[in-house]
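# My questions are about this predicted structure, shown below with the sequence.
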Amino acid sequence: MTVAPERFQYVQQLVMERSAIVLSAEKAYLVDARLAPLARDLGASDVNEVVDQVRSRKDPSLEQRVVEALTTNETSWFRDSRPFQALERQVFPELLRQNATTRRLRVWSAASSAGQELYSVAMLLEDKFPQLRAGWKVELVGTDLNTEMVQRASEGLYSTLEVNRGLPASMLVRFFDKQGAHWRVKQSLRDRVSFSRINLAGPWPPMAPFDVVLLRNVLIYFDMKVKTEVLCRAVKQLAPGGYVLLGTAESPNGLCPQLVPATTEGTVVYKVRRA
Ligand SMILES: C[S@@+](CC[C@H](N)C(=O)[O-])C[C@H]1O[C@@H](n2cnc3c(N)ncnc32)[C@H](O)[C@@H]1O
């Protein structure tokens, strides 16, 4: 069963309003696939009936389930590896010198999905910058639109399949406990991160400036206007000398002219252009 065109348009609009995610017409298959489990949960005969129920009930939690079902949460540990090399070799060494007096370091994973990105940063800092343990205040903040992802990230519980995606065996042994068929990030590392829900396209809560904003693999889902707004707001959240990291398929060109590349080997990280 394929979602009927006018029901697809209803979902398209709902998802746009609540997340700014653009569901183009060729994404109808996504609605079919992602709302099928919801149809089973609701006892609906098919996806069209799910849409009809959402429409008639006007239940915000049901609407949220539809929107969340249509987010793409693809992620992995140390995703694309090179950005993490840039963090290790250029970004964090520079920030540690720059913040030597305040001894404060703040990192925001702004579309943190199930947490792999932020935990990768936490493990990197723990492994390569042990000096941070001596009196530094390190704040690692992860946020995502999808409440189920926020919950999963906070729990730090991953399947064997998930830990096999990019996590070096040495890190698995050092930073995880085996829990039945799963692996759980050790409490000591979980204590260093926090996760909450933020819709990047909605109002953001007041936040102190960040030294690094990871805004990776999320702008691709938005239209130009929202991409521009989100990126420029992220830039305003930067501490002086701070860095923005985007996904490998993403660029600030044409979106936010004050952001310029600060190239490192094989990857690009971005800084605000000096006045
Ligand atoms: C493909 S994942 C990227 C995860 C991670 N940053 C990475 O690069 O591996 C995209 C994430 O963006 C989140 N997302 C989509 N729209 C969002 C919005 N409007 N506000 C906040 N997060 C959003 C999704 O829920 C999803 O977890």
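Great, that's in hand.
# The stretch 151-275 of the chain: strands as residue ranges?
157-159, 176-179, 182-185, 193-197, 210-215, 238-246, 259-264, 267-272 (DSSP state E, counting those that start in this stretch).
# now for the fifth one, which elements pack on it?
Secondary structure elements in contact with strand 210-215, counted by 3 or more Cβ pairs under 8 Å, 6 or more residues apart in numbering; DSSP states H and E, are strand 104-109, helix 116-128, helix 224-236, strand 238-246. Placement of C-beta: from N, CA and C, glycine included.
# gap between it and the chain center?
11 Å (Cα atoms, centre = their mean, to the nearest Å).
# That strand relative to helix 116-128, how many degrees between them?
Here strand 210-215 runs at an angle of 140 degrees relative to helix 116-128 (axes from the mean of the first three to the mean of the last three Cα atoms, to 10 degrees).
# And for strand 210-215, what's in contact with it?
87, 91, 95, 99, 105-111, 117-118, 121, 141, 230-231, 234, 237-239, 241-246 (Cβ atoms under 8 Å, 6 or more residues apart in numbering).
# Distance of residue 234 relative to the ligand?
11 Å (Cβ to the nearest ligand atom, to the nearest Å).
# likewise residue 247?
Distance from residue 247 to the ligand, by Cβ to the nearest ligand atom: 6 Å.
# Could I get the average pLDDT for stretch 101-108?
Averaging pLDDT along stretch 101-108 yields 98.
# Give me the contact list for that stretch.
92, 95-96, 99, 118, 121, 125, 132, 135-143, 207-214, 237, 239.
# tell me the contacts of residue 209?
Residue 209 sits in contact with 106, 237, 238, 239, 242, where contact means Cβ under 8 Å, 6+ apart.
# At the contact with the ligand, which residues of the stretch 101-250 of the chain appear?
For the stretch 101-250 of the chain, the residues in contact with the ligand (Cβ under 6 Å from any ligand atom) are 111, 113, 117, 144-146, 149, 199-201, 216-218, 221, 247.
# Highest neighbour count among these?
Within these, neighbour counts (other Cβ atoms under 10 Å) peak at residue 144, which reaches 29 neighbours.
# residue contacts, residue 269?
Applying Cβ under 8 Å, 6+ apart, we find residue 269 in contact with 83, 86, 90, 91, 243, 244, 245, 261, 262, 263.
# Can I get those residues in a markdown table including neighbour count and distance to residue 20?
A markdown table is the format used below for these (neighbours: other Cβ atoms under 10 Å; distance: Cβ to Cβ, whole Å):
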| residue | neighbour count | distance to residue 20 |
| --- | --- | --- |
| 83 | 24 | 24 |
| 86 | 21 | 28 |
| 90 | 17 | 31 |
| 91 | 23 | 28 |
| 243 | 25 | 24 |
| 244 | 25 | 19 |
| 245 | 24 | 20 |
| 261 | 13 | 26 |
| 262 | 16 | 28 |
| 263 | 12 | 30 |
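# List just the nearest of these to residue 179.
Closest approach between the contacts of residue 269 and residue 179, by Cβ to Cβ: residue 83, at 29.1 Å.
# Please tell me how far that closest one sits from the ligand.
Residue 83 is 9 Å from the ligand, by Cβ to the nearest ligand atom.
# So that residue is in contact with residue 244, correct?
No: using Cβ atoms under 8 Å, residue 83 is not in contact with residue 244; the gap is 11.1 Å.
# How far away from the center of its chain is the lowest-mean-pLDDT helix or strand in the chain?
Lowest by mean pLDDT, DSSP states H and E among the helices and strands of the chain is strand 259-264, with a mean of 90. Distance of strand 259-264 from its chain centroid, counting by Cα atoms, centre = their mean, is 21 Å.
# Output stretch 97-104 as PDB, restricted to C-alpha atoms.
Only the C-alpha atoms of stretch 97-104 are listed here, as PDB (Å, rounded to 0.1, in the frame of the first residue of the first chain):
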ATOM      1  CA  ARG A  97      46.000  27.000  24.400                       C
ATOM      2  CA  GLN A  98      43.400  29.700  23.800                       C
ATOM      3  CA  ASN A  99      41.300  28.700  26.900                       C
ATOM      4  CA  ALA A 100      44.300  28.100  29.200                       C
ATOM      5  CA  THR A 101      43.200  30.800  31.600                       C
ATOM      6  CA  THR A 102      39.500  30.000  31.800                       C
ATOM      7  CA  ARG A 103      40.200  26.300  31.700                       C
ATOM      8  CA  ARG A 104      36.800  25.800  30.200                       C
END
